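A.B. asks: No sequence on hand, only this structure:
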């Protein structure tokens, strides 16, 4: 691993995970679970350490995998298309709910 600095990753809901970068853009953690890495939780992420301060927004987890006795996971930026689709899905849900309220 290129960087052994232990960091704290704080997700949007306040969940805190101890992580280490693997040197290839992935993160390693003994405590990560798929249920933590939801779209809502990956909207804003703060990663801090003694020499590090990173803020990420609109991330997507590409998966969690076993790695040398721990777990690795990869985050990436949402594409503009994914952000637009997410917004459209919210609007579609709101419209359907409003139509149900009006239609009875």
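C.D. replies: Arrived safely. Note that the coordinates shown come from a computational prediction; the quantities given were computed from them, not determined experimentally.
A.B. asks: any idea which residue sits dead centre in this protein?
C.D. replies: Closest to where the C-alpha atoms of the chain average out (Cα atoms, centre = their mean) is residue 42, at 2.9 Å.
A.B. asks: Grab the nearest non-local neighbour of it.
C.D. replies: Closest residue to residue 42 apart from its sequence neighbours, by Cβ to Cβ, 6 or more residues apart in numbering: residue 59 at 4.1 Å. Where you see a C-beta, it was placed from the backbone N, CA and C, and this is true even at glycine.
A.B. asks: helices or strands next to the one helix or strand residue 74 maps to in the packing?
C.D. replies: Of the helices and strands defined by DSSP states H and E, residue 74 is found in strand 70-77. Here strand 70-77 touches strand 26-29, strand 59-67, going by 3 or more Cβ pairs under 8 Å, 6 or more residues apart in numbering; DSSP states H and E.
A.B. asks: buried ones in the shortest one?
C.D. replies: For strand 26-29, burial by neighbour count (16 or more other Cβ atoms under 10 Å) applies to 26, 27, 28, 29.
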